[in-house]
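Engineer: Let's see this in three dimensions:
(chains A and B)
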Amino acid sequence: MDWFREQGSALVGFSGGVDSTYLAAVALDALGAGSVLAVIGRSASYPEVQWENAIALAHRIGLPLLEVVTDEMNDPRYAANPSNRCYFCKSELWTRLIPVARERGLAVIVDGTNADDIGGHRPGRQAASEREVRSPLAELGFGKDEIRRLSRARGLPSWSQPASPCLSSRIPYGTAITAERLARVERAEAALRRVGVTGDLRVRDHDDLARIEMPAESLAGWIDPDRAVVLAVAVREAGFARVSLDLRGFRSGSLNILGGVATP
Amino acid sequence: MSAGGGAALGHALLARGIRASVEARGSLAVLLPLSDPEAFADAAVRDQVLALAREHGFTHVAVELLGAPRVSGTNAP
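Structural biologist: Have a look, this model is predicted:
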């Protein structure tokens, strides 16, 4: 609260995820609705279900909200899907949000990066720091577990929701990102939710083959032949020819390991 | 990872009673079960498979889900 009061006003990069929702709620409490603006950057890589969730969350807590369409898909440096892809996406986002903050006289732009996000393979951080976007949760040492605990204490429904990074994180580095490919992943994950998969879920796109990552503790139940068919049909109907289930289960940054930019 | 690495992993799995053919896709091993796929429901079996795969240079292992016909015309966009 004090951090935001010192700034006076803020534009919050808002995704509806655990971190940015908590950050926006604190900013709102500290500054009031007249001095806070949450902004959603919308593109094909932002899941529809997450967009709907973000809108609902903003309305629920009375958060002033603006949507800005971003166009990273038309940046060939992004679409080629290099291992620093996130740099180009975040560069596009912050480049569009800086004028919004200026026009509205908002003193600072903040994002939901938390203390656990520091380190590791995070090229998007560079884009933020180059544009003086601040990360108060990280600066003040708030990690994910604490943010979940504090979100719960505030009554934010986001406290228990799984992490939901952009859809491009399902595409191995070096494989071109297209709107069609992202839509196929989104359909597959939505279909898996409908048949009852819960918790962390990713459908990794290996061209003709989908590789499902779900919580390791859920694997035994879904390997049962009758239930495995349900998974296979759901994902095939989304557009994949072949479907597989990762035997280790969900791993954050799984494709960083596969792409050789992180260690197993 | 080469197809040879996949074959070697397949042999190593067979030596432990797990019958599966292995398709190597870089450092991803895709297992096509040749017998009871329910064996992979056992966490101890999965751990054993993952350890063997690591020994053969794979970072990821997935088992293909069969049991329903493949949808035709659904290749990569």
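
Engineer: Distance-wise, check the residue lying closest to A:Ala44 once chain neighbours are set aside relative to B:Thr59.
Structural biologist: Among residues not flanking A:Ala44 along the chain, A:Ala179 sits closest, at 4.4 Å (Cβ to Cβ, 6 or more residues apart in numbering or on different chains). Yep, even glycine has a C-beta here, placed from its N, CA and C like the rest. Distance of A:Ala179 to B:Thr59, computed by Cβ to Cβ, to the nearest Å: 29 Å.

Engineer: So which residue is dead centre in chain B?
Structural biologist: In chain B, the centroid-proximal residue (Cα atoms, centre = their mean) is B:Leu31; its distance is 1.9 Å.

Engineer: where's that one, which helix or strand?
Structural biologist: Using DSSP states H and E, B:Leu31 sits within strand B:28-33.

Engineer: Who does that strand pair with, and is each partner parallel or antiparallel?
Structural biologist: strand B:20-25 (antiparallel), strand B:60-64 (parallel) (DSSP bridges).

Engineer: Run through who's touching the first one.
Structural biologist: Looking back up the chat, that one is strand B:20-25. With contact meaning Cβ atoms under 8 Å, 6 or more residues apart in numbering or on different chains, strand B:20-25 is reached by A:206, A:209, B:1-3, B:5-7, B:9-10, B:13, B:29-34, B:58, B:63.

Engineer: how about the helices in the chain?
Structural biologist: Assuming you mean chain A. A:2-7, A:18-31, A:48-61, A:76-79, A:85-104, A:123-130, A:136-139, A:144-153, A:179-194, A:219-223, A:225-237, A:254-258 (DSSP state H).

Engineer: switch to chain B, that's the one I care about
Structural biologist: Taking DSSP H, the helices of chain B run over residues B:3-15, B:43-55.

Engineer: Contacts for the strand holding B:Leu31 next, please.
Structural biologist: A:206, A:209, A:211, A:244, A:247, A:258, B:1, B:6, B:9, B:13, B:19-24, B:39-40, B:49, B:53, B:56, B:58-64, B:66.

Engineer: Show me how to select, in PyMOL, the buried members of those.
Structural biologist: To isolate the buried members of the contacts of strand B:28-33 in PyMOL, using 16 or more other Cβ atoms under 10 Å in any protein chain shown:
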select buried, (chain A and resi 206+209+211+244+247+258) or (chain B and resi 1+6+9+13+20+21+22+23+24+39+40+49+53+56+58+59+60+61+62+63+64+66)
